[in-house]
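K.L.:
Pasting the sequence and the predicted model now:
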Amino acid sequence: MNDIEAEQDWEEVPRSFTEISEAEQEFFDKVWYNRHQNSVYKAKRGIDGVTEQHVEVGRAAAEKKEQQYGKAVVLPKSWPVKAG
């Protein structure tokens, strides 16, 4: 019975504004990165009129996100990560 009471007797401490803001920015960065990778895919295959010029605009920002979070983190889990 003490175990059940202990489970029911806890308080959740809400996240601070800073924690929420940082999590929101990380989510935004990862979504942006994924969309950029979709543009890279489209440019390589000539889909939807996306060109290498479109992709080049975001290339430096994408590399910055890879360095910030790690390439394995920013890519969806279903995508293989190639070394180098």
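P.N.:
Perfect, thanks for sending it.
K.L.:
which other helices and strands contact the longest helix along the chain?
P.N.:
For the chain, the longest helix by residue count, based on DSSP state H, is helix 17-45. Secondary-structure packing of helix 17-45 (3 or more C-beta pairs under 8 Å, 6 or more residues apart in numbering; DSSP states H and E): helix 52-69, helix 71-74. The way it works is simple: take the backbone N, C-alpha and C, and place the C-beta from them, glycine included.
K.L.:
correct me, but Glu52 touches Gly46?
P.N.:
No: contact criterion C-beta atoms under 8 Å: Glu52 and Gly46 do not qualify, at 10.3 Å.
K.L.:
Find the residues that touch each one of those two.
P.N.:
Residues touching both Glu52 and Gly46 by C-beta atoms under 8 Å, 6 or more residues apart in numbering: none at all.
K.L.:
Name the spans of this protein whose pLDDT lies under the cut-off.
P.N.:
1, 5-7, 10, 76-84 (pLDDT under 70).
K.L.:
Need the residue closest to the centroid of it.
P.N.:
With distances taken as C-alpha atoms, centre = their mean, Lys30 lies nearest the centre of the chain, 1.9 Å away.
K.L.:
Is that residue in contact with Ala72, as I believe?
P.N.:
No: Lys30 lies out of contact with Ala72 (C-beta under 8 Å); the separation is 12.0 Å.
K.L.:
Apart from its chain neighbours, what residue comes closest to Val40?
P.N.:
Among residues not flanking Val40 along the chain, Val55 sits closest, at 5.3 Å (C-beta to C-beta, 6 or more residues apart in numbering).
K.L.:
which stretch among the helices and strands packed on helix 17-45 comes nearest Gln8?
P.N.:
helix 71-74 (36.0 Å; C-beta to C-beta).
K.L.:
Which residues does that closest one contact?
P.N.:
Taking C-beta under 8 Å, 6+ apart as the rule, helix 71-74 contacts Asp29, Lys30, Tyr33, Asn34, Lys65, Glu66, Val81.
K.L.:
Just the buried residues out of the residues you listed, in PyMOL syntax.
P.N.:
Those of these that count as buried under 16 or more other C-beta atoms under 10 Å are selected in PyMOL with:
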select buried, resi 29+30+33+65
